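structure here, sequence nowhere to be found:
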């Protein structure tokens, strides 16, 4: 028998002891926990069958058929026990004392803290084809690592467009918020989108052809927490 590393015991004697303990507890608590009577009856029958054949196998008169029957009996008992645990023991109304009575570890309900994203993304701008379209390729900045994947992170992608020579006050205050000077970081860019894709196409207006588009990104997780800005990238809109 392969060694087990989960909650179910490794040895057959220990398995039988646990299931017999469950049967004694379920006789009093089964109805309260919503365990169907048929399930409780089946687990009792499985334990009795496993106990009987185990005694035969331990005797000096066992046969190869007895060994097979023993394997099957313990497998049936395990299957039923795992079903009951999965469907009836994983949530209230079980208390810590109930888990102890069932010879189970108390579930750890303390969530693993996920820190704010670390690392910085790097943007490469390419022309995927078609007018007024740029493709932002996002990847970890060389020498840095992406944030913890458990944080459900993506990329906060910011962009802005600067006319040749810089925008006028009127252009900067307009709906497109054109840039008056080159941005130093994402703090200088107002247009935002969140993406999980490593390749993000961005369409521009035909009137912006010949202007320079600037991009900057940082990692952002599902809680809205952000990491550090990566470098600013730029390209001329076709």
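Perfect, thanks for sending it. Everything quoted here is computed from the prediction, not taken from an experiment.

can you tell me the helix or strand for residue 56?
helix 37-58 (DSSP states H and E).

what does the average pLDDT come to for that helix?
Mean pLDDT, computed over helix 37-58, is 94.

show me what the helix or strand following that helix packs onto, helices and strands only.
Downstream of helix 37-58, the next assigned helix or strand under DSSP H and E is helix 64-88. Applying 3 or more Cβ pairs under 8 Å, 6 or more residues apart in numbering; DSSP states H and E, we find helix 64-88 packed against helix 12-29, helix 37-58. Just so you know, the C-beta spots here come from the backbone N, C-alpha and C atoms, and that holds for glycine as well.

closest to the centroid, which residue in the chain?
residue 150 (5.4 Å; Cα atoms, centre = their mean).

is it in contact with residue 115, as I believe?
No: if you go by Cβ atoms under 8 Å, residue 150 and residue 115 don't touch, sitting 9.8 Å apart.

please verify my assumption that residue 179 contacts residue 166.
Yes: shown here, residue 179 and residue 166 form a contact pair, counting by Cβ under 8 Å, at 6.9 Å.

name the nearest residue to the residue nearest to the centre of the chain, sequence neighbours excluded.
Computed as Cβ to Cβ, 6 or more residues apart in numbering, the closest residue to residue 150 that is not its neighbour in sequence is residue 114, at 5.4 Å.

tell me the pLDDT of residue 113.
So residue 113 comes in at 72 (pLDDT).
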